[in-house]
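Asks: my questions concern the predicted model and sequence given below.
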Amino acid sequence: MNKTIQFQLSLMMFLEFFIWGGWFVTMGIYLPNTLNTSGGETAMAYSTQSWGAIIAPFIIGLIADRFFNAERILGILHIIGAVLMYQMANAEDFSSFYPYVLGYMIIYMPTLALVNSVSFNQMKDPAKEFSFVRVFGTIGWIVAGLVISYIFHWDSEEGIANGMLKNTFLMTAIASAILGVFSFTLPKTPPKVDKDQKINIGDIIGIDAIKLLKNKNFLFFFLSSILICIPLAFYYQHAGQFLGEVGMPDPAAKMTIGQISEVLFMLLLPFFFKKFGFKKTLLVGMLAWTVRYVLFAYGNAGELTFTLLIGIALHGICYDFFFVSGQIYTDSKAGEKFKSAAQGLITLATYGLGMLIGFYVAGKITDANVISEGQHNWKNIWIFPAIFASAVLLLFGIFFKNEKIEYKK
C-alpha cells in the first residue's frame, strides 16, 4: 500500500478512536458530579451507544452503501458530531444533555463501519495490512486518556470539583471537526451497490443469518453473547465513576491500561486458539470478567490499588478472548453468503440488545446502592456482575460443545 495512503488511513483511525475515548470513559464521572444525574440517568446516556448500534446498519445499508462515497459521508457525520459535542459541553442539566448525546451516538456509530470501508477499499490484502492501520485507533484512545489525566488534569479531584471535565467534550468537538474536514481528503470510496438495486432489509440488519440459530452450538454462543454484555455494561458505564469516587488519581489515564492490554492479547489470541481451542479461549474470557469484578469489589485505592489496576488490565482478555474470538467463530459458521448478515446479527444482539439491557440493569443496581450523595456501596454493585458473569460461564461450559473452527466454502 502507498505510504501516503497508509499515513492517511492511520491518522483517520487515530482521530476516530481519540474522539470516542476522549469523552465516553469520563462521562460516567462527569454526569453525576457536574449534572447531578442518578444512576438511571447515567444509564440512559450510556445506552445511546446501543441505540446507535441498532440504527447504524440502516444508515450504512440504506444511505452510505447506495448513494454517497464513504469518505464524504464520514466527513459530514463528524462535522455534525462536532456541533452536537459542543452542545453537550454547554448543556446545563441532563434533560438538555440527553438529546445531544443520543443524536451524537446515532451519527457516530455508523462511522465505525465507514472508517473500515475506506481502509479496506485501499488494501490488496486486508488480513495482513489492516492491523497496522487499526492499531492507531487503539493508540488514539490511549492518547486521549493520557491527555485528559496528565496534561490537563481534568479528571483530578480539583478538576472534577471545578467542572473541568466539560472540556473533554470541547476537545472531542475540535477533534471531530478536524476529522470531518480531513475525511474529504481521504481516498475515494464509492458506493458498493447500485442505488437502483432492490433493498434487502434482511441483509442490512442480519435477519438472513437467523437460520444459523438452528445450530444448537451457535444458539448457545449467541445467547451467551447477549448475556455477557450485561456485566460488560457495568464496566463501560461505571468503572470511571468508581475509580474517581474511591480516590484513584488520574482515572482516565489508568483506564488506558485496558487498551494497552487489548493490543497485547490481540497478538496472543492466535496462540490461544491453537493451544487451547475455541471453547476454552471463550471460557477464559468469561472467567476474566468474573475475576475483574471481584477485584473491583474487594480492592481499594490505598494498599490494594494493584487489585484495581489488575482489574483494568484484564480488559484485553475480557474483550479479545470473547468478542474478537466470537467474531471469528461467527465468520466461520456463516460461510461466504451470510458473512455480513451474521456479523450484523451479532452486533445488534450484543452492542444493541445486550448492552441496552446491561446499561439499564447497571443503572438500577447503582441507584439501589447509594450510601450518601456522591458515594456508593461499590462492593455490592460489583458483586452482581461478578456473579452474573460466572453464571454465564457455567452455562456456556455445560451447553456449548467444543468444535474446531473450519471455514465454510
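Replies: Looks like it arrived, so ask away. Numbers count the residues shown, from 1 in each chain.
Asks: helices of the stretch 201-350 of the chain, start to end?
Replies: 201-205, 216-245, 251-298, 305-313, 315-319, 325-347 (DSSP state H, counting those that start in this stretch).
Asks: mind checking which of these is nearest residue 387?
Replies: Of all those, it is helix 251-298 that lies closest to residue 387, at 8.1 Å by C-beta to C-beta. C-beta here means a position set from N, CA and C on the backbone, and glycine is covered the same way.
Asks: angle of the closest one against helix 305-313?
Replies: Interaxial angle, helix 251-298 versus helix 305-313 (axes from the mean of the first three to the mean of the last three C-alpha atoms, to 10 degrees): 110 degrees.
Asks: show me what helix 251-298 is packed against.
Replies: helix 126-146, helix 216-245, helix 305-313, helix 315-319, helix 325-347, helix 378-399 (3 or more C-beta pairs under 8 Å, 6 or more residues apart in numbering; DSSP states H and E).
Asks: so which of the ones you listed is the most packed in?
Replies: Among the helices and strands packed on helix 251-298, helix 315-319 has the highest mean neighbour count (mean count of other C-beta atoms under 10 Å), at a mean of 25.
Asks: what does that one contact?
Replies: Helix 315-319 is contacted by residues 232, 235, 257-266, 284-285, 288-289, 292 when judged by C-beta atoms under 8 Å, 6 or more residues apart in numbering.
Asks: now it - C-alpha only, PDB.
Replies: Extracted in PDB, the C-alpha atoms of helix 315-319 (Å, rounded to 0.1, in the frame of the first residue of the first chain):
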ATOM      1  CA  HIS A 315      -9.800  -5.800  29.700                       C
ATOM      2  CA  GLY A 316      -7.600  -7.300  27.000                       C
ATOM      3  CA  ILE A 317      -8.600 -10.800  27.900                       C
ATOM      4  CA  CYS A 318     -12.300  -9.900  28.600                       C
ATOM      5  CA  TYR A 319     -12.700  -8.200  25.200                       C
END
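Asks: so how far is it off the chain centroid?
Replies: How far helix 315-319 lies from its chain's middle: 12 Å, per C-alpha atoms, centre = their mean, to the nearest Å.
Asks: can you flag the weakest of the helices and strands packed on helix 251-298 by average pLDDT?
Replies: Across the helices and strands packed on helix 251-298, helix 325-347 has the smallest mean pLDDT, namely a mean of 72.
Asks: any idea which helix or strand comes after that one?
Replies: Downstream of helix 325-347, the first helix or strand assigned by DSSP states H and E is helix 355-367.
Asks: just so I know, which of the helices of the stretch 201-350 of the chain lies nearest residue 176?
Replies: helix 251-298 (18.2 Å).
Asks: walk me through the domains of the protein.
Replies: 1-183, 209-409 (automatic domain parsing).
Asks: kindly reformat the helices of the stretch 201-350 of the chain as TSV containing distance to residue 394.
Replies: Output for the helices of the stretch 201-350 of the chain, formatted as TSV (distance: least, C-beta to C-beta, whole Å):
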stretch	distance to residue 394
helix 201-205	31
helix 216-245	11
helix 251-298	9
helix 305-313	21
helix 315-319	17
helix 325-347	18
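Asks: closest to residue 370 out of these?
Replies: Smallest distance to residue 370 across the helices of the stretch 201-350 of the chain (C-beta to C-beta): 11.2 Å, for helix 216-245.
Asks: next, the angle from the closest one to helix 305-313.
Replies: Going by the same axes, to 10 degrees, helix 216-245 makes 140 degrees with helix 305-313.
Asks: any idea how far the closest residue in space to residue 229 that isn't next to it in sequence is from residue 169?
Replies: Of all residues not flanking residue 229 in the chain, residue 354 sits nearest, at 2.9 Å (C-beta to C-beta, 6 or more residues apart in numbering). Distance of residue 354 to residue 169, given as C-beta to C-beta, to the nearest Å: 27 Å.
Asks: cool, and residue 216?
Replies: For residue 216, the distance to residue 169 - C-beta to C-beta - is 46 Å.
Asks: quick check: residue 214 vs residue 222, distance?
Replies: Counting by C-beta to C-beta, the gap from residue 214 to residue 222 is 11 Å.
Asks: residue 144 contacts residue 16, doesn't it?
Replies: No - proximity of residue 144 to residue 16 does not meet the contact threshold set by C-beta atoms under 8 Å, at 11.2 Å.
Asks: low-confidence ranges in the chain?
Replies: Residues of the chain meeting the criterion pLDDT under 70: 59-66, 127, 192-209, 335-341, 343-344, 405-409.
Asks: and the residue nearest to residue 384 when sequence neighbours are not counted, how many neighbours does it have?
Replies: Of all residues not flanking residue 384 in the chain, residue 365 sits nearest, at 5.5 Å (C-beta to C-beta, 6+ apart). Neighbourhood size, residue 365 [other C-beta atoms under 10 Å]: 20.
Asks: now do the SS call for residue 149.
Replies: Following DSSP: H, G, I helix; E, B strand; the rest coil, we place residue 149 in the helix state.
Asks: before we move on, back to that, redo the domains of the chain as a markdown table? Include distance to residue 189.
Replies: Output for the domains of the chain, formatted as a markdown table (distance: least, C-beta to C-beta, whole Å):
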| stretch | distance to residue 189 |
| --- | --- |
| domain 1-183 | 4 |
| domain 209-409 | 17 |
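Asks: of the contacts of helix 315-319, just the buried ones, PyMOL syntax please.
Replies: Here is the PyMOL selection string for the buried members of the contacts of helix 315-319, based on 16 or more other C-beta atoms under 10 Å:
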select buried, resi 232+235+257+258+259+260+261+262+265+266+284+285+288+289+292
